[in-house]
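Chemist: Need coordinates for the following:
(chains A and B, ligands or ions: 2)
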Amino acid sequence: MPSVLSIVLLALAVTAPSTQDGEAPPILVTRQLAASEGLEQGQIIRLAPDSRGEGGRPFRIAGVYEPVPDPARLGTLPREVRLHLPDLLALTRLPDVPAGTEYVEAINIALVDPAEARNFARDLNARMPGVSARPAAEAAGSGATFQVLRRFHLAIALVTIIASTVFLLALTIMLVDERRETVGLLRLIGLPVRRILVQIFLEGLLIATAGGLIGLLLASASESLINAFFQWRYDTALVFVRITPYVAAACLAVAVPLGTIATVTASWVLLRRNALRLARR
Amino acid sequence: MNGPPSSLIVRAIGVSRQFTMPAGPVTAVRDVTLEIGAGEHAAIRGPSGCGKSTLLHMLGCVDSPTAGTLLFDGQDVSSLSDAARSRLRLRQIGFVFQRFFLLPMLTAAENVELPQAEAGAARDDRTRRTRELLEFVGLGARSDHRPSQLSGGEMQRVAIARALANRPRLLLADEPTGELDQSTGEQIAALLDRVNADGTALVIVTHDGVLADRARRVLMMKDGRIERESTR
Ligand SMILES: Nc1ncnc2c1ncn2[C@@H]1O[C@H](COP(=O)(O)OP(=O)(O)OP(=O)(O)O)[C@@H](O)[C@H]1O
Ligand SMILES: [Mg+2]
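Modeler: Numbering: from 1, shown residues only, chains lettered A, B, ... in the order given. Ligands and ions are numbered 1, 2, ... in the order given. Predicted coordinates for the structure are as follows:
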């Protein structure tokens, strides 16, 4: 498969079909560009390397593609076309530059098995000293924007968890306090403290698990809604929210112990008091 | 029934109970020595605040004396763990309170079944015992009703049935007729008499002279002490 590069288009003009039809090299255009300029497959258009349209050449639209979403360019229409590398070079080469002396700063390489990216990069770096190869995912992750975003997300998550823990504790203390009579009564009848604590622990576990699951259900339900809205808003295939098994597990791993501990702590405080005073209020 | 209290259930030796309050300690019970034998029928009377309830709670192992010794079945209660003391309350002692203290979300039958289940009784035995008890207190037909669907007298009867669930040796009642009108109170008093006649020792705290007069032994309390004791 020939290598394919994309270029942000500077000038673009639709030309009437001419005798050059057969010779016009094929290109692909993004769905968004096709939509905004009213382009269709089979049309002949002129592409030029500068905005004045000088030095333009005709190309045939061989197809429309959905561009790989790029969060760094959110909100800008991907007005892009893909050309075969020789066509691109021919189009962009300055008149005084001899063919074959061009250079590129970076290329993306698609691997059949993306999991091999790290090994491939290591191998390439060892073989070609002048080249710096690294997995694309890593390159994106090391971007300062993403670091900041990630920390921001973490901060929001922590604040949410701390705030809701305080809320949860207040709530369980209220709930447990509402049951002080019952607890006092059970103590009077002769239920040992441990037995009541176990009961409350099991209840807390059940409620926390149910609450965690309901939260996940809610999140999954809103996941597609949120994505649909922002994908519509920014006309992109970018996924904004995704509840992965890891995220779900992390949520439960935090929520269930937290809920259970809150319930048991609140109850323990209550159970330490005299049964009679509990029952009598 | 009036045999000598040969087998002692509970024995208080110089017990006192002091509460620490912000304004200083309050001594509710002072140096009380008392024995309750099997099958006894005793009443505790005295002015409000003289320490009747506090004494009863100590006899029922719900509260612990701050001084003196309390022996239940010859065992020093203060040396028992929470689990052991809970077991004692569950199996040996029944409590009836002025305000019934039924679990509102359970039916009458479930309220009576609860202590039996906790004591590990088999389901069939529990069901049978519960039916018997509710019939004994005259509520055989109301077993599926919740406390909110019962009158005060009926709730107190369920409470008595619950207190008897595990065949306790000692039934303690704190003003069991306090919230009931006179005729309902008399029904409850008669019911308690029958419980005692069946061999359960009974200690009733009451302001009600009529209820106290049914007891063979009346203890008069004042300022935390047993001031006077009379036996019929
Ligand atoms: N938990 C407690 N904390 C502090 N003081 C208490 C407590 N329980 C009882 N007291 C005090 O101990 C004294 C005796 O109380 P107790 O309830 O035994 O009286 P009582 O004889 O049952 O009164 P009543 O007839 O009104 O029920 C009272 O002065 C009371 O205020
Ligand atoms: Mg009292």
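
Chemist: Find the helix or strand that the nearest residue to B:Asp31 once chain neighbours are set aside is a member of.
Modeler: In this structure, B:Asp31 finds its nearest non-sequential neighbour in B:Gly14, 5.1 Å apart by Cβ to Cβ, 6 or more residues apart in numbering or on different chains. C-betas here are computed from N, CA, C, even on glycine. Secondary structure assignment for B:Gly14, by DSSP states H and E: strand B:8-21.

Chemist: what element comes up after that strand heading to the C-terminus?
Modeler: Following strand B:8-21 toward the C-terminus (DSSP H and E): strand B:24-37.

Chemist: just checking, what packs against the following helix or strand past that following strand?
Modeler: The helix or strand immediately downstream of strand B:24-37 is strand B:41-45, counting by DSSP H and E. Packing partners of strand B:41-45 (3 or more Cβ pairs under 8 Å, 6 or more residues apart in numbering or on different chains; DSSP states H and E): helix B:52-59, strand B:201-205, helix B:209-213, strand B:217-222.

Chemist: Tell me the gap between the helix or strand that contains A:Asp177 and the middle of its chain.
Modeler: If you go by DSSP H and E, A:Asp177 is part of helix A:144-178. Chain-centre distance of helix A:144-178: 21 Å, with Cα atoms, centre = their mean, to the nearest Å.

Chemist: close to chain B, is the helix or strand following that helix?
Modeler: With elements assigned by DSSP H and E, the helix or strand that comes after helix A:144-178 is helix A:180-189. Yes - Helix A:180-189 comes into contact with chain B (Cβ under 8 Å from any Cβ of the partner chain), by way of A:Glu181, A:Thr182, A:Leu185, A:Arg187, A:Leu188, A:Ile189.

Chemist: and the next element down the chain from helix A:180-189?
Modeler: helix A:193-234.

Chemist: Check whether that following helix comes near chain B.
Modeler: Yes - shown here: helix A:193-234 in contact with chain B (Cβ under 8 Å from any Cβ) through A:Val193, A:Arg194, A:Arg195.

Chemist: top of those residues by neighbour count?
Modeler: Using other Cβ atoms under 10 Å in any protein chain shown as the neighbour criterion, A:Val193 leads these with 18 neighbours.

Chemist: gap between the longest helix seen in chain B and the chain center?
Modeler: Longest helix of chain B, by residue count under DSSP state H: helix B:182-197. Centroid separation for helix B:182-197 versus its chain: 14 Å, with Cα atoms, centre = their mean.

Chemist: now swap in stretch B:121-137 and tell me
Modeler: Remark: stretch B:121-137 is offset 20 Å from the chain centroid, using Cα atoms, centre = their mean.

Chemist: what comes up buried for that stretch?
Modeler: For stretch B:121-137, the neighbour count (16 or more other Cβ atoms under 10 Å in any protein chain shown) marks B:Ala121, B:Arg126, B:Arg129, B:Thr130, B:Leu133, B:Leu134, B:Phe136, B:Val137 as buried.

Chemist: repeat for stretch A:173-191
Modeler: Neighbour counts using 16+ other Cβ under 10 Å place A:173, A:176, A:180-191 of stretch A:173-191 among the buried residues.

Chemist: Closest one of those to chain B?
Modeler: Chain B lies nearest to A:Gly190 out of the buried residues of stretch A:173-191, by Cβ to the nearest Cβ, at 2.8 Å.

Chemist: Next one: the closest one relative to B:Leu114, how far apart?
Modeler: Noted for A:Gly190: a distance of 10 Å to B:Leu114, by Cβ to Cβ, to the nearest Å.

Chemist: B:Ile204 too?
Modeler: 23 Å.

Chemist: The two: which is more packed in?
Modeler: A direct count of neighbours by other Cβ under 10 Å for B:Ile204 and B:Leu114 places B:Ile204 higher, at 28 against 21.

Chemist: Report the beta-bridge partners for the more buried one.
Modeler: Beta-bridge pairing of B:Ile204 under DSSP bridges involves B:Ala43, B:Ala173.

Chemist: which parts of chain B sit against chain A?
Modeler: Counting by Cβ under 8 Å from any Cβ, chain B comes close to chain A at B:57, B:62-63, B:82-83, B:86-91, B:93, B:95, B:97, B:101, B:103, B:114-115, B:118, B:162.

Chemist: Can I have the buried ones of those residues as a ChimeraX selection?
Modeler: Buried residues within those, by 16+ other Cβ under 10 Å, are selected in ChimeraX with:
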select /B:57,62,63,86,87,88,89,90,91,93,95,97,101,103,114,115,118,162
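
Chemist: Apart from its chain neighbours, what residue comes closest to A:Asn108?
Modeler: According to Cβ to Cβ, 6+ apart, the nearest residue to A:Asn108 is A:Ala136 (6.5 Å).

Chemist: Tell me, how many residues neighbour the one you found?
Modeler: Neighbouring residues of A:Ala136 were enumerated by other Cβ under 10 Å; the total is 14.

Chemist: ok, it touching A:Arg118?
Modeler: No - at 11.0 Å, A:Ala136 and A:Arg118 do not qualify as touching, with contact defined as Cβ atoms under 8 Å.

Chemist: which residues touch the residue nearest to B:Asp31?
Modeler: B:Asp31, B:Val32, B:Thr33, B:Ala67, B:Gly68, B:Thr69 (Cβ atoms under 8 Å, 6 or more residues apart in numbering or on different chains).

Chemist: what kind of secondary structure is the residue of chain B found nearest chain A in?
Modeler: Of all residues in chain B, B:Leu90 sits closest to chain A, at 2.8 Å by Cβ to the nearest Cβ. Following DSSP: H, G, I helix; E, B strand; the rest coil, B:Leu90 is assigned to helix.

Chemist: wait, isn't B:Leu170 in contact with B:Val10?
Modeler: Yes - using Cβ under 8 Å, B:Leu170 is in contact with B:Val10, at 6.6 Å.

Chemist: How much space separates the closest residue to A:Val239 other than its chain neighbours from A:Phe240?
Modeler: Nearest non-adjacent residue to A:Val239, counting by Cβ to Cβ, 6+ apart: A:Asn227, 5.9 Å away. Applying Cβ to Cβ, the value for A:Asn227 to A:Phe240 is 5 Å.
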